[in-house]
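*Asks:* build the 3D model from these lines:
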Amino acid sequence: LTIAGLRRHPVDVVVRVRWSDARERTVVLHGERDRAVLGDASVGQSDGELLATYLALGVEHILVGIDHVLFVLGLVLLVGWRRRLLLAITGFTLAHSLTLAASTLGWAALPQGPGEACIALSIVLLAVELVRERPTLTRRVPGVVAFAFGLLHGFGFAGALQEIGVAPDRAWLSLLGFNLGVEAGQLLIIGAAGLVGLVVSRLPQPPRWRLAAAYAGGTVAAAWAIERSVALVG
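*Replies:* Below you'll find the model as predicted:
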């Protein structure tokens, strides 16, 4: 079985093979790996290969998902490089892991359109908190607020995973790999932000650069929120 065009387009195809004796195997085709030999009893991927495949898909999704990247960077700017950043990121991670699993396994659901609009609004609200200097709830307990917003982002991750598809015979393994990939991508974002911050700290600081970053991110997110809300009404 060959899926034409995978070498030219960033598309992943989940192929499920079922034999007449009830054996099932799943393989994810993408890029140079665009074919599966159906006559081969070993067709498909081992547990380790499938886990690695979905891990890579999770990393790819969060790195190209600019809305998730903006939210994580907003948390870093708001909390700073302190112990509270660890609490905030942990809360965000725990929350989106819960809703990602619940949605993928069919235990909970949020329509994709409203979910994407709410994700954009979460970035707008975070940008507003960055602009304010008052001791708001987000500044006092960022972990709690990050947890609440993380629930929304988890539904967004679940929507992406559902578009890719999961291996029906190994759904938990697919979910675990994708979630670990999301976490790895999140750590890459935070690490890159830390390196950039280290470089910037050694340069002459432009006035109110954090404020400029908050307005830039908030403006983009507001445009997304309006666009996604209009699409819902339309």
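
*Asks:* against residue 17, how distant is the one residue sitting closest to the centre of the chain?
*Replies:* Computing the C-alpha centroid of the chain and ranking residues by CA atoms, centre = their mean puts residue 62 first, at 3.8 Å. Here residue 62 is placed at a distance of 29 Å from residue 17 (CB to CB, to the nearest Å). Any C-beta I mention is one placed from the backbone N, CA and C, and that applies to glycine too.

*Asks:* now the strands for this structure?
*Replies:* 13-18, 24-29 (DSSP state E).

*Asks:* going by mean pLDDT, which of those strands comes out lowest?
*Replies:* Lowest mean pLDDT of these: strand 24-29, a mean of 78.

*Asks:* ok, and for that one, which residues are buried?
*Replies:* Residues 25-29 are the ones in strand 24-29 that count as buried (16 or more other CB atoms under 10 Å).

*Asks:* for stretch 189-205, same thing?
*Replies:* Here stretch 189-205 shows 189-190, 193 as buried, counting by 16+ other CB under 10 Å.

*Asks:* from memory residue 74 sits against residue 124, does it?
*Replies:* No. Using CB atoms under 8 Å, residue 74 is not in contact with residue 124, being 9.9 Å away.

*Asks:* so between these two, which is more surrounded?
*Replies:* residue 74 (25 against 20; other CB atoms under 10 Å).

*Asks:* quick one on the thing from earlier: residue 86: which of the strands of the chain is closest?
*Replies:* Ranking the strands of the chain by proximity to residue 86 (CB to CB) places strand 24-29 first, at 33.2 Å.

*Asks:* now for the closest one, which elements pack on it?
*Replies:* Under the contact definition 3 or more CB pairs under 8 Å, 6 or more residues apart in numbering; DSSP states H and E, strand 24-29 sits against strand 13-18, helix 47-64.

*Asks:* give me phi/psi at residue 31?
*Replies:* With angles defined as degrees, to the nearest 10, residue 31 sits at phi 50, psi -130.

*Asks:* just want the angle from the longest helix along the chain to strand 24-29.
*Replies:* Ordering each helix of the chain by length in residues (DSSP state H) puts helix 171-201 first. Put simply, helix 171-201 runs at 30 degrees to strand 24-29, going by axes from the mean of the first three to the mean of the last three CA atoms, to 10 degrees.
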